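In: could you look at this predicted model? Sequence included:
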Amino acid sequence: MSSKQPPPHSPAARDLTQTGRRSWRWLAGGVWLFYLGSPLQEIVRHSDGVTRVVGVLALFAFATAYMSFFIWMRQVSWREGGLPLWKRYGYLVGLLALAALTLPAAGQTALTTLVYVTAISVVMLELRQAIAVTLLTLGGAELSMRLVPGWHDDSSYGLAIFLAALAVFGMRRAIQRGMELSVARQDFAELAVQEERNRFARDLHDILGHSLTVITVKAELAGRLIEANPSRAAVEVTDIEQLARAALADVRAAVAGYRELSLAGELVSARAALEAAEIRADLPTTVDDVPESHRELFAWVVREGVTNVVRHSGARKCTVRISAQQIEVLDDGRGPSTSPGGHGLIGLRERADQVGATLSVGQAPSGGFRLAVRVGP
């Protein structure tokens, strides 16, 4: 026989898991049948003839009906509306009828069956209905011990009914809490997946938006220069090829999850993009003053800000100012738009929020557009 175990997520493993759960469920229910030994002994010792046969058969039928409940649980929904109420009460009445058939032979010990009826009612019924059934079985046991001739007052039956109801109610609440926790975990997992999808979509938007904007501008420039200055047009076409390859590499790196932006590299790319769009660039030549922890965020600001300048501003000049705590991208173009920000600014704002930075957009002193991010107070 092979000792290999099936993979943890394979159908065979799931079948083994389900089989194990069913075994434990049967064991958890069947172990309590031990307490039916008391009425069984009473039937065998103190009855004979038809009374004994009826008592034994009724007790075994009761035990069978009780164990069948655990099969029934797997086949129907016990939530509100999942199973008609009349079927629930019909099952409990059937158990009580079988319990009543044991009375002539088992006598007072037949009250043990009320513990099982109470426990099942707490599982099957709503809380108010379960409390009502518990009070009825508890009251019936206490009254019968005082009213039936030959029976004596034994508080153990009432205590057993009360403790059974309390224990099963506790288990029921624990199972409900476990199910709610499982649903909450599933919701959190789905939200995490959705958030990761949104993050990935933002990254792709930022990568391709910037790269394709520069490629478009350079392609337009090459088209204009192809007759007037063929050598310059050839240089622009070469740049387009390099930009396309770089964009493809960025997309692959983003898919792999290892892409990080370089502030110095983004400044170089920004200068090339602005020059291709015939926009005068006033950019810093060093990033030594910027802490390493801020550089990736500032690189995203340069990428998003310069892309918007090239696309939408109609500007003649773009300025990038960088300090240890702040970066600004300014232009002298049309100024702020009345429409809400696009996906790029939304993604940039989320990145700023993640590190406790503040993003602000508005009108530049020169009348154009200003995009700024500040880290810290």
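Out: Received, thanks.
In: show me where the protein dips below the pLDDT cut-off.
Out: For the chain, the stretches flagged by pLDDT under 70 are 1-31, 74-82, 192-193, 196, 199-200, 203, 206-207, 210, 251-260, 338-343.
In: which residue ranges of it form helices?
Out: 11-30, 37-46, 49-75, 85-106, 112-124, 127-147, 155-228, 230-256, 263-276, 292-308, 343-354 (DSSP state H).
In: who does the residue nearest to G362 when sequence neighbours are not counted bridge with?
Out: The spatially closest residue to G362, leaving aside those adjacent along the chain, is R370, at 5.4 Å (C-beta to C-beta, 6 or more residues apart in numbering). No exception for glycine: its C-beta is placed from N, CA and C like everyone else's. Beta bridges link R370 to L330, G362, judged by DSSP bridges.
In: contact partners for R370?
Out: R370 makes contact with E328, V329, L330, S360, V361, G362, Q363, A364, according to C-beta atoms under 8 Å, 6 or more residues apart in numbering.
In: looking at the helices of the chain, which is nearest to R321?
Out: With C-beta to C-beta, the closest approach to R321 among the helices of the chain belongs to helix 292-308: 11.0 Å.
In: and the contacts of that closest one?
Out: The contact list for helix 292-308 (C-beta under 8 Å, 6+ apart) reads 206, 209-210, 213, 260-263, 265-267, 269-270, 273-274, 287, 290, 318, 320, 322, 324-325, 327, 329, 344-345, 347-348, 351-352, 355, 357, 369, 371, 373, 375.
In: count of neighbours near the nearest residue to L40 once chain neighbours are set aside?
Out: In this structure, L40 finds its nearest non-sequential neighbour in L59, 5.9 Å apart by C-beta to C-beta, 6+ apart. Applying other C-beta atoms under 10 Å, we find 24 residues neighbouring L59.
In: my guess is L59 contacts P104, does it?
Out: No. L59 lies out of contact with P104 (C-beta atoms under 8 Å); the separation is 11.9 Å.
In: so who does the most far-flung residue of the chain relative to its centre touch?
Out: Within the chain, the residue lying farthest from the chain centre (C-alpha atoms, centre = their mean) is G49, at 62.7 Å. Listed by C-beta under 8 Å, 6+ apart, G49 has no contact partners.
In: next, work out how far apart the nearest residue in space to S38 that is not next to it in sequence and E292 are.
Out: Once flanking residues are discounted, S38 sits nearest to T109: 4.9 Å by C-beta to C-beta, 6+ apart. Distance, T109 to E292, by C-beta to C-beta, to the nearest Å: 80 Å.
In: more crowded one of those two?
Out: Taking neighbours as other C-beta under 10 Å, T109 and E292 compare with T109 leading, 22 against 8.
In: excluding its backbone neighbours, what's nearest W72?
Out: Leaving aside its chain neighbours, W72 sits nearest to Y91 (7.9 Å; criterion: C-beta to C-beta, 6+ apart).
In: didn't the one you found look like it was pressed against M124?
Out: Yes. Counting by C-beta under 8 Å, M124 is a contact partner of Y91 at 7.3 Å.
In: domain assignment for the protein?
Out: Following automatic domain parsing, one gets these domains for the chain: 30-153, 280-377.
In: A228 is nearest to which of these?
Out: domain 280-377 (21.3 Å).
In: next one: the closest one to chain centre, how far?
Out: Averaging C-alpha positions (C-alpha atoms, centre = their mean, to the nearest Å) puts domain 280-377 35 Å from its chain's average.
In: what do you get for stretch 175-188?
Out: In this view, stretch 175-188 has its centroid 9 Å away from the chain centroid, taken as C-alpha atoms, centre = their mean.
In: could I get the CA-only coordinates of that stretch as PDB?
Out: Extracted in PDB, the C-alpha atoms of stretch 175-188 (Å, rounded to 0.1, in the frame of the first residue of the first chain):
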ATOM      1  CA  ILE A 175     -20.500  27.700  15.100                       C
ATOM      2  CA  GLN A 176     -22.300  30.900  14.000                       C
ATOM      3  CA  ARG A 177     -19.400  33.000  15.000                       C
ATOM      4  CA  GLY A 178     -17.000  30.700  13.100                       C
ATOM      5  CA  MET A 179     -19.100  30.900  10.000                       C
ATOM      6  CA  GLU A 180     -19.300  34.700  10.200                       C
ATOM      7  CA  LEU A 181     -15.600  34.900  10.700                       C
ATOM      8  CA  SER A 182     -15.100  32.600   7.700                       C
ATOM      9  CA  VAL A 183     -17.300  34.900   5.600                       C
ATOM     10  CA  ALA A 184     -15.400  38.000   6.900                       C
ATOM     11  CA  ARG A 185     -12.100  36.400   6.000                       C
ATOM     12  CA  GLN A 186     -13.300  35.600   2.500                       C
ATOM     13  CA  ASP A 187     -14.600  39.200   2.100                       C
ATOM     14  CA  PHE A 188     -11.200  40.500   3.300                       C
END
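In: in that stretch, what counts as buried?
Out: For stretch 175-188, burial by neighbour count (16 or more other C-beta atoms under 10 Å) applies to no residue.
In: just stretch 212-228 next, same as before
Out: T213, V214, I215, V217, K218, L221, A222, L225.
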